[in-house]
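**Student:** attaching a predicted model along with its sequence, questions to come.
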Amino acid sequence: MAGTLLSEAEITELLAAHPGWSRDGDGLRRDFEFADFTEAFGFMTKVALVAERQFHHPEWSNVYNRVEVRITDHDAGGISSNDRAWIERVDRLV
């Protein structure tokens, strides 16, 4: 289900509240770095569970201890309330 698109002010507020995230076109991105592959993969496993519960899935990649994450609400056509809720949950995992 599509979320409600956030205003520019709401996006600015979201980014201020969640350091490390940045604007990436119609989405938001963050690069995570961990001690090793096992920690990175463990993080991805936790994020996968969040994504399934919220039915909101990231675009991501992993190389050894790094995980690059991008999130956008394709159904809403940009950055939405779904992205905000997703980022809030994911940031609690690190």
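**Tutor:** Received it, and whenever you're ready, just let me know what you need. Numbering: from 1, shown residues only.
**Student:** C-alpha from now on. contacts and neighbour counts both.
**Tutor:** OK.
**Student:** where along this structure do the helices fall?
**Tutor:** Secondary structure of the chain by DSSP state H: the helices cover 8-17, 37-54, 81-91.
**Student:** tell me the angle the longest one makes with helix 81-91.
**Tutor:** Think helix 37-54. Orientation check (axes from the mean of the first three to the mean of the last three CA atoms, to 10 degrees): helix 37-54 against helix 81-91 gives 140 degrees.
**Student:** now the first one
**Tutor:** What separates the directions of helix 8-17 and helix 81-91 is an angle of 0 degrees, with the same axes, to 10 degrees.
**Student:** now helix 8-17: buried residues?
**Tutor:** Neighbour-count burial for helix 8-17, with 16 or more other CA atoms under 10 Å as criterion, is recorded at 11, 14-15.
**Student:** okay, the residue nearest to residue 80 when sequence neighbours are not counted: pLDDT?
**Tutor:** Using CA to CA, 6 or more residues apart in numbering and skipping the chain neighbours, the partner closest in space to residue 80 is residue 5 (4.1 Å). Residue 5 carries a pLDDT score of 96 in this model.
**Student:** repeat for residue 50
**Tutor:** 96.
**Student:** number of nearby residues for it?
**Tutor:** 18 (other CA atoms under 10 Å).
**Student:** that one: what's it in contact with?
**Tutor:** The contact partners of residue 50, by CA atoms under 8 Å, 6 or more residues apart in numbering, come to 86, 89-90.
**Student:** repeat that with 10 Å
**Tutor:** Residues near residue 50 by CA atoms under 10 Å, 6 or more residues apart in numbering: 44, 56-57, 86-87, 89-90, 93.
**Student:** most neighbours of all these, which one?
**Tutor:** residue 86 (22 neighbours).
**Student:** that residue reaches residue 57, doesn't it?
**Tutor:** Yes - counting by CA atoms under 10 Å, residue 57 is a contact partner of residue 86 at 9.0 Å.
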